[in-house]
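Asker: This is a predicted model, with the sequence first.
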Amino acid sequence: MTDELEFSARFAQAIVDGDSKAAHMMLSDDLGAAIAATDLSSQFESLAEDMGGVTAIGTPMVILKEWPDMSANDRAIVYVPLEGDVFSEAITVTISQFDDALRISKIEWGRP
C-alpha cells in the first residue's frame, strides 16, 4: 500500500474510532484552521448515522494522481469506502505533502 493509501486509511480509522483529535492533526494547516476537531467528528457522525453505522472500512483506492487544479503540494485524491448496516458510503480525501509530512487538504463526505 502506498503512503497516500496508508495515510488515508489511518485517517478513516481515527474518525471511525471517534478520535477526532488524531484525525484533526492529520489535516493541512489551512483545513485544520477552517474546521475544528469537533466539527470533523459531527460531520462524520452525520454520515455514519445515515448509513446505519460503520461496520468496516474498505480498501482505499487512488482516484487521481494528476488533475487540472491540483496544487504543487497535492499528491493524490483517495477514495476510502465505508461499509454500513444500511448502505455504504465513502470519504474522499486530497492528500498533500507539506515539507516531509503528508496532510489532508480536502475532505468530501459521502460517495461522489
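Answerer: All right, it came through fine. Numbers count the residues shown, from 1 in each chain.
Asker: where are the low-confidence patches of the protein?
Answerer: 1, 112 (pLDDT under 70).
Asker: tell me the phi and psi of Leu27?
Answerer: Backbone geometry at Leu27, expressed as degrees, to the nearest 10, gives phi -80, psi 150.
Asker: Who is it paired with across the strands?
Answerer: Following DSSP bridges, Leu27 is listed with bridge partners Ile104.
Asker: what pairs with the one helix or strand Ile63 maps to, and is each one parallel or antiparallel?
Answerer: Ile63 is located in strand 61-64, with elements delineated by DSSP states H and E. In the sheet, strand 61-64 lines up against strand 74-84 (antiparallel) (DSSP bridges).
Asker: Using PDB, write out the CA atom coordinates for the partner strand.
Answerer: What follows is strand 74-84, C-alpha atoms only, in PDB (Å, rounded to 0.1, in the frame of the first residue of the first chain):
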ATOM      1  CA  ASP A  74      -1.000  17.700  -3.900                       C
ATOM      2  CA  ARG A  75      -0.100  14.100  -4.300                       C
ATOM      3  CA  ALA A  76      -3.300  12.100  -4.800                       C
ATOM      4  CA  ILE A  77      -7.100  12.000  -4.400                       C
ATOM      5  CA  VAL A  78      -8.000   8.900  -2.400                       C
ATOM      6  CA  TYR A  79     -11.400   7.300  -2.100                       C
ATOM      7  CA  VAL A  80     -12.000   5.400   1.200                       C
ATOM      8  CA  PRO A  81     -15.100   3.100   1.200                       C
ATOM      9  CA  LEU A  82     -17.100   2.800   4.400                       C
ATOM     10  CA  GLU A  83     -19.400  -0.200   4.800                       C
ATOM     11  CA  GLY A  84     -22.600   0.300   6.800                       C
END
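Asker: just how off-centre is that strand within its chain?
Answerer: 6 Å (Cα atoms, centre = their mean, to the nearest Å).
Asker: which residue is nearest the middle of this structure?
Answerer: The centroid of the chain falls nearest to Val93 when counting by Cα atoms, centre = their mean (4.4 Å).
Asker: How about the secondary structure of it?
Answerer: Secondary structure, DSSP: H, G, I helix; E, B strand; the rest coil: Val93 is strand.
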